[in-house]
Structure formats: C-alpha cells, structure tokens
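[1] A predicted structure for the sequence below; I have some questions about it.
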Amino acid sequence: MTAAENVCYTLINVTSDSEPPSEVSLKTDLEKGEIKAKTEALKKVIIMILNGEKLPGLLMTIIRFVLPLQDHTIKKLLLVFWEIVPKTTPDGKLLQEMILVCDAYRKDLQHPNEFIRGSTLRFLCKLKESELLEPLMPAIRACLEHRHSYVRRNAVLAIYTIYRNFEHLIPDAPELIHDFLVNEKDASCKRNAFMMLIHADQDRALDYLSTCIDQVHTFGDILQLVIVELIYKVCHANPSERARFIRCIYNLLQSSSPAVKYEAAGTLVTLSSAPTAIKAAAQCYIDLIIKESDNNVKLIVLDRLIELKEHPTHERVLQDLVMDILRVLSTPDLEVRKKTLQLALDLVSSRNVEELVIVLKKEVIKTNNVTEHEDTDKYRQLLVRTLHSCSVRFPDMAANVIPVLMEFLSDTNEAAAADVLEFVREAIQRFDNLRPLVIEKMLEVFHAIKTVKIYRGALWILGEYCSTKEDIQSVMTEVRRSLGEIPIVDNEIKKETGEVKPEDEVSAAPAQKLVTEMGTYVTQSALSSNRPSKKEEDRPPLRGFLMDGDFYVAASLATTLTKVALRYVAIVQDKKKQNSFVAEAMLIMVTVLHLGKSSLPKKPITDDDVDRISLCLKVLSECSPLMNDIFNKECRKSLSHMLTVRLEEEKLSQKKESEKRNVTVQADDPISFMQLTAKNEMTSKEDQFQLSLLAAMGNTQRKEAADPLASKLNKVTQLTGFSDPVYAEAYVHVNQYDIVLDVLVVNQTSDTLQNCTLELATLGDLKLVEKPSPLTLAPHDFANIKANVKVASTENGIIFGNIVYDVSGAASDRNCVVLSDIHIDIMDYIQPASCTDAEFRQMWAEFEWENKVTVNTNITDLNDYLQHILKSTNMKCLTPEKALSGFCGFMAANLYARSIFGEDALANVSIEKPIHLGPDAPVNGHIRIRAKSQGMALSLGDKINLSQKKTNV
C-alpha cells in the first residue's frame, strides 16, 4: 500500500519551500541536542517520513535518546512519529526494536499524569499491529478504573477499537464495558461505553437501557443523543420493539438540550404515525423554532415541519397547531416569517381561518407602528398577500379584512399599497355584498393616497363600481377636491402672479406675461425659481401629479368620469341634472387637456393620453348605447374573465401538488404483511442516521439520477493525455457552497516520482481552500488527491493548473504536466423560482446587466424551443400556459430563476416563426437576460448559446 492509501489520522501542514535536512545532522540533534533542538529535529523527521523518506537509521537513535524523555511536547510528537513510522520489515514481520517501544508505552499507561495516560490510550486506537497491542492489554484494562474521567473515557475508546480490529485480544470486551457502564457516573465515559455497546453488542446495550429507561431524562445530553440513535436503529431493524421504547422517546422530547429534542422529535415521527405522536413532535419543533436564536436553526426546523405537512395523514394534525406555528412570526428575520406564513396558509381550514385572520390583522397593524425599515415593508406585503389568499379561499373573512387593509392604500410604500389594491379589486368583483363597504372605505381614504399608481387604481375601482346616485356624486366631489380650482391653467397663472410676498416685490423683476403659440399664458418672474416648494406642498394630490407631467393618471381620470357620467345619465331622469353632471365631467377633461398642452407642467402630455381624453369627450358628447355597453359592461367582463382564469390556474397547480403528495398504489403492487416479512426485508426503509451522515459528507445522490453510477461518470473530467508520464482525471462533486475535486493521479513511468504536487488556480468567483500536499508515487502507482474549492456566486468558473514532480535520482529540473481546464457548470447553482408580475417588472427595471442572445437554432416549433430553453437553463416560465397556447407565428414569455446564493435571473424570450420561409424554417428572435451581476448575465447567455440547438439522440 502507498502512503496515500493508508488510513490517515493526523494531518500536518508542510511548508514547501523548506530545505530537507541531512540524516547525519538530524542524528546529531537527536543524540546530543537540548530539549528544544530534539523537538525541532523530531518534527523534521516526521515531515520527511510523511514525504516518503524511510530513515531506518534514526529508529534506534530515537528509541535510545528521545523515548526516555519526560517532556510532554516530545511525548506528543512521539505519538505522531510512532503512528506514521514503518513498523514492519519488507517481508511483513514486526521490527525487533518495536518491543522496546511497546515497553515504553506500557510504562506510559501506568504514568501518574492522567494526560499522558489518556493521550497514549488515544494513540493505541490508531495502531494496526496486534503483536504490539497484546502486551499492553492488562494495562489498558487497569485504566478503566483510573480516578480521572479523561483516562477512563479514552480507555473505553481504546478497548472498542481493539475489540473491533482484533477481537481475540479482548473477547470479553462487551461484558467488561457493560459492567463498567453500570457503575460509571461520568457522562462522557457513559456515552463512550454506551456507544461501544451499540456497535459491538446491541443486546447488552438494550439490557442496560431497559434497567434505566425511567432515568433517561436525568442523563446528560451527549448520552441522551446516543440513546435516541440506539432506539431508532433497534426499531428500524425490528419494528416490534417500538412499543417498548416509544415512551422513552416521549420523555426525551422534554429534554433541556435542543439537539436531543430535535433528534427525538425526528425519531418519533419515523417510529409512529399516530396523531398524538405527530402532534407531540410538531409541538416540539415549534418550541425549538421559538426558543432558538439562530435563524439557520429556525429555517432547518421549519423545513422539518413542512416535510411533516407533505404527509396527507399528518396534515390534519398540524392544522390544529396553526396558532402555535404563528407564534414564530415574533422572529424578526424575513425568510423565517415568509416560510411560516406559507406553512400557515397551506394548513388553514374553515375551523381555524378566523383565528388566523385575527392574528394576521394584529401583525399588519403592528407593522404600521414600527419605524420604517426595508424588511418591515416586505413583511407587510407578505401579510397582505396571505390575507388576500385567505379571503379568496374563505369569502366570509373578506368583510373583516378589507377595512383594516384599506388603511394602507395611503401608505408611502407603493408595493404594499399595490398588493392591497389588487386584493380590493378582486374582492369587489367577486363579492357583491361587500361593494358598498369597499366604496365607502375607498372614498374615505381617497384624498390621502400619495402615489400615482395607487391613485390610478383607486380611480378605476370607483369608476367601475359606483352604482348609486349618492356614490357617483361623492366620486365627483372627491375628484374636484383632489384637482383643486379649475380651470387649472388660469388658476396656476394667478398663483404665479398674485402670491408674491411684499418683501419679495422689492427685489423682484416685474412679472412678464407671455402668450404662447396656442394662446395660453405663461409667466416669467425672477422669483419663480425661489418659491416652488411652498406651492407644491399646498397643491391637491391630483393636481400635483399633473404638474409633475404624469398625464397617464389624467387618461384614467377621463375613463372614470365617462363611466360615472354615463351611469348617472341612466339613473337620474332629470335632463337638467344629467346635462349639468356631463358638462362638469367634460369641463374637467378639457381643463386637464389645456394644462397638458401648456408649458406649465414639467413634462408635456403624450399623444396617447390626448387621444384617450379626446375619445372620452366624444363619447360623452354623443352618449351612444354601444359606447355605454363598452365602458360599463365589457371592462368588467374582461376583469371577471382574467380573475376566473387566474383562479383556474391556482386550482390546477394545487391539484398537481396534491396529486404529488398522494401515494398512488398500482393494481399489481405487492402487499407486504409485517408478520410474513423476513427480518432483513424490514430494513429496506432508508436509515435516517445513515442518510444524514452521507449528506454531511456530501455524498447525497440527486433524486432525479436514475442510475447513480451513470451520473457520477458524467462528471469525470480527463485532465491529461494517456501518453503523458502522469495521467490524471477528476471527479467534480458540486455541493451547495463548495466543489470537491477528487483527482486520480497515475504514475505511468518506471521511475519513482517524488514531491508530486497538484497545483491549482481558479478563474471567476472561486477560491481554493487549501493547497493539496505533495505525494511520492512508486513506479506505476496511483493515488487520489482531494481539493476543495469555495464558490461565492453564480458565475461560470474555470479551474486550471498542472502537476509538478521530481524524478528520483535525476539531476534535472522539476517536470511539469499541464492539465486541461475544468469548467464549473452554472446550472448546478440555479433553481427555478416564481415571482409576481409586479416583482418581475421591478427587478427588470432595477437590474443593470443585460445580455441579448440571438436565437440560432434548428428547432422549428415555438413551444418546443421554449421548453428546450427552460430545460437547459433550469428557469421557470412565468407566463401562463393559456397565454402561450395556440399558434400565431410569434411568442413572448418571461422566465425567472434564483441561485442558491439568492441572486435573481430574469429572461424575456421574444421569438417568431418566419412563415414566409416555409413550415421547416427554424425559430428566430432574441432572448434578453437581466441580472444584478455581470457574471450571472454572461454565464446564462453562454449556457443558452451552447444549448440552443437540439441534438438528435
């Protein structure tokens, strides 16, 4: 076996630039030097042996001059030395000198200092030569009765490893440790002893547990964790034992240690699916989330609760705990709150929806009193959306929710107010009985709305749903109040000229009226630039928006006035009142048009808005039945259709989710009867402890990989050629935040290669964690080198480097083999995600990096191309299926994904089928990618470019 294949317990970092000392100088230092010189010499010897040097001449020197020393540092170094030094002759027989070493360690095992005894016992765990251990057995047994716990617990470990490797040396080990366990008082010693019994003699471990099962809750947490593991393993292997131990697991749920509670709850769920057990475990998880301060722990335990919910029979139990789950909202972290609200929404039922809504309303009101913070706004949005979903699913709740939420329409945070507005629009359309309440509240808060987008939405709702004469007149009053005195242009000019203060008039140049081409007046004054702030503060909200040049709200206002005027004409019979109302509506539109064409606003009115206002004026002047139908019926029909489609999509996605969760049993599936099942078949269920250990080691297989071996082979990259003196290939294992390179290095020459070093460098957002240590390779030998690379962001990374080595006995310079580049695929970090249209638009506007990719493909169908892009980029299509269905020669779709580092990636696909080129013409068009970082945008673009063309398999 080569040095690389030996089991390694001790890792030592070696500085590569140090010059190796000669054997003679080392011998001199070890024989005649002071303690410090001997320590340094011993360190150098250890490093040289690790590098493959044999140094047989120094063995006797160390035994004679270093082994008898009582210095603790020397003793620690000697333990490392004896671990790595070759202890056998080339034919496999033990060296004679080792008898002297064995005697020295027998003395150390009887040393009065407990540290020396304990560290010697730890060293004995690493020995693989039974001839060396045999004379030491009485001394090791005696250490079990030492007064100090450090010695006793290491004695237990030594006995366990010796029993596992050489059972004949101590055949009565389980019995010995069982007796030791019964009389032991120290928690760490008991834990080690119990751990040994679990692995060496499970029946004895169970016997011990049975005798003290009622005292388990008084044990230390390290012992309790081992007890949980034993119970899980026993019940996993033999389900009939469950009844015997389940009470013990229940008791451990009350442990003072969070780790024990977590493991006990997880074990309880796997052992029993009874409602009481699930409820106890869930309650334990909730307590852990609330009491633990670390947000990562909260998120992990929340994931366990979400896993519980996925089981159809457990969901009902968790529904009763919704109010307890909502206690987690006291955590300030937004991610925890988001998961909690989603879980609560999934579990809400008609039995608990009322309580849920009360809690959420309180939370919403709380956010109003908190000092403004970015997360407060986002949390308020989350709460609004959750209440929205509750009201849609349980219409009876809407009446309680709407009055509280409508207060937030006047909020300065546009995102939260927009969510409220969307909710109000859906509620007023779906629930006829709530319309009077919504209109009343809307009129109350209308004048306080601060953002133009919300103002437009509120105008639309009032115009669409005000149906009584009083409401229509109230809308007109609010509009006049919000617009101020009309005509606006004249009023503004009067303000410009008439509000100059007496003290300002002294230094003011005389105000000069100018007439523009359109016949409107504008005023020039030397003081006009000094006085805008006061007037802008005094302006009513709608006039303020118009003066800022936002005339889109004017188009919305014109539509609203047209709708209410047409409705007023239908309700009121008095011709005089009809004409008066219509005239007022037209006057408002005309004065807004006049303002738009003047030079008073910061930006002039756009042609689109002029067309819309002019159309509304024409409709009101003619009042034709067709226009009445379009304005007052068709608009509402369109909204109703959109909401119906959205509801259908939600139901469809929920149905898919529930189908995923329901375990389907095929007609020809075998039925397993526990009484008839062989014992070895019962263990077919996955062992959770084994799975978690594999996950910690990064050996988890992806679920979608049907054949794990095949997927592993796909990730092997050849680094050098077959004719190179050193052949190398790497298996690239991508974990969440790091990459492990497992490099196989093969010496293809007949020479011994010394100081064979893998030198790596990275390009992109990758960072090499540690430099791999040098190896010595015998002729035609091979070794595995592992290298860790940390990943900081989603960006295509490249790892490159070379292998350098010295040929033993050659006088030439170091040899070098250049390695092929390893490309790290961005797809390992990107996961499909979803977001609302508003969030997508906001991110699209904010993200500064754009990458435009031209479509160049052999795919001829638009939908096929979109599906191919989704599959190759791991993104999710946000555009609904109904919008993509049918064929019209072109297609536009929005895609979204998020990386594991929290980076967002957006894409807009705009493609068409050039029909004039025939049915076999390929798709053409563009894909625009936007991301916050340049690396993400470029990497995704490269990925799309590489995978655009479909290969025929």
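    Nice, I can see it.

[2] so Val353 touches Cys390, yeah?
    Yes - proximity of Val353 to Cys390 meets the contact threshold set by C-beta atoms under 8 Å, at 6.0 Å. C-beta here means a position set from N, CA and C on the backbone, and glycine is covered the same way.

[3] In terms of helix, strand or coil, where does the spatially closest residue to Lys54 that is not a sequence neighbour fall?
    Excluding the flanking residues, the one nearest Lys54 by C-beta to C-beta, 6 or more residues apart in numbering is Pro86, at 6.9 Å. Per DSSP: H, G, I helix; E, B strand; the rest coil, the secondary structure class of Pro86 is coil.

[4] what about Pro86, distance to Leu58?
    Distance, Pro86 to Leu58, by C-beta to C-beta, to the nearest Å: 12 Å.

[5] quick one: which of those two has more around it?
    Leu58 (22 against 12; other C-beta atoms under 10 Å).

[6] Which pLDDT does the model give that one?
    As summarised for this prediction, Leu58 has a pLDDT of 82.

[7] just Ser692 next, same as before
    Here, the pLDDT recorded for Ser692 equals 61.

[8] likewise Thr516?
    44.

[9] And Asp781, by the same measure?
    Reported pLDDT for Asp781: 89.

[10] quick one: it from Ile803, how far?
    Taking C-beta to C-beta, one finds Asp781 at 14 Å from Ile803.

[11] domains for this protein, by residue range?
    Using the TED database, the domain parsing of the chain gives 348-446, 450-495+539-634, 713-824, 828-949.

[12] and the second one, average pLDDT?
    Confidence over domain 450-495+539-634, taken as the mean pLDDT, stands at 78.

[13] how long is that domain end to end?
    Length of domain 450-495+539-634, first residue to last, C-alpha to C-alpha, to the nearest Å: 30 Å.

[14] Make CSV out of the domains of the chain and add distance to Tyr163.
    As requested, the domains of the chain are exported to CSV (distance: least, C-beta to C-beta, whole Å):
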stretch, distance to Tyr163
domain 348-446, 56
domain 450-495+539-634, 75
domain 713-824, 30
domain 828-949, 43
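
[15] what's the closest of those to Lys36?
    domain 713-824 (26.3 Å; C-beta to C-beta).

[16] Quick check: end-to-end length of the closest one?
    End-to-end for domain 713-824, by C-alpha to C-alpha: 16 Å.

[17] could you list every residue that touches Ala583?
    By C-beta atoms under 8 Å, 6 or more residues apart in numbering, no residues touch Ala583.

[18] Look up how far Leu620 lies from it.
    Per C-beta to C-beta, Ala583 is found 9 Å from Leu620.

[19] Val353 and Cys390: which is more packed in?
    Cys390 (22 against 17).

[20] Tell me the pLDDT of that one.
    82.

[21] wait, which of the domains of the chain is closest to Ala155?
    So among the domains of the chain, domain 713-824 is nearest, using C-beta to C-beta, at 32.9 Å.

[22] Are there residues contacting both of Val353 and Cys390? Which ones?
    Met397.

[23] Tell me how many other residues surround the closest residue to Leu321 other than its chain neighbours.
    Ranked by C-beta to C-beta, 6+ apart and with sequence neighbours excluded, the top spatial neighbour of Leu321 is Ala282, at 5.5 Å. The number of residues packed near Ala282 is 24, by other C-beta under 10 Å.

[24] Ala282: which element?
    Element membership for Ala282 (DSSP states H and E) is helix 275-291.

[25] then that helix to CSV, C-alphas only?
    What follows is helix 275-291, C-alpha atoms only, in CSV (Å, rounded to 0.1, in the frame of the first residue of the first chain):
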residue,chain,number,x,y,z
PRO,A,275,-51.8,11.6,15.7
THR,A,276,-50.6,12.0,19.3
ALA,A,277,-47.0,11.3,18.3
ILE,A,278,-47.1,13.6,15.3
LYS,A,279,-48.7,16.4,17.5
ALA,A,280,-46.0,16.0,20.2
ALA,A,281,-43.2,16.0,17.6
ALA,A,282,-44.7,19.1,15.8
GLN,A,283,-45.1,20.9,19.2
CYS,A,284,-41.5,20.1,20.0
TYR,A,285,-40.4,21.5,16.6
ILE,A,286,-42.4,24.7,17.2
ASP,A,287,-40.9,25.2,20.7
LEU,A,288,-37.4,24.8,19.2
ILE,A,289,-38.1,27.4,16.5
ILE,A,290,-39.3,29.9,19.0
LYS,A,291,-36.6,29.4,21.6
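
[26] what's in contact with that helix?
    Residues contacting helix 275-291 (C-beta under 8 Å, 6+ apart): 246, 250, 253, 258, 261-262, 264-266, 268-269, 271-272, 297-298, 301-302, 304-305, 308, 314, 316-318, 320-321, 324-325, 327-328, 330-331, 336.

[27] Are any of the residues you listed buried, and if so which?
    Neighbour counting with 16 or more other C-beta atoms under 10 Å marks 246, 250, 253, 258, 261-262, 264-266, 268-269, 271-272, 298, 301-302, 304-305, 308, 314, 317-318, 321, 324-325, 328, 331, 336 as buried within the contacts of helix 275-291.

[28] From the residues you listed, which land in strands?
    Judged by DSSP state E, strands contain none of those.
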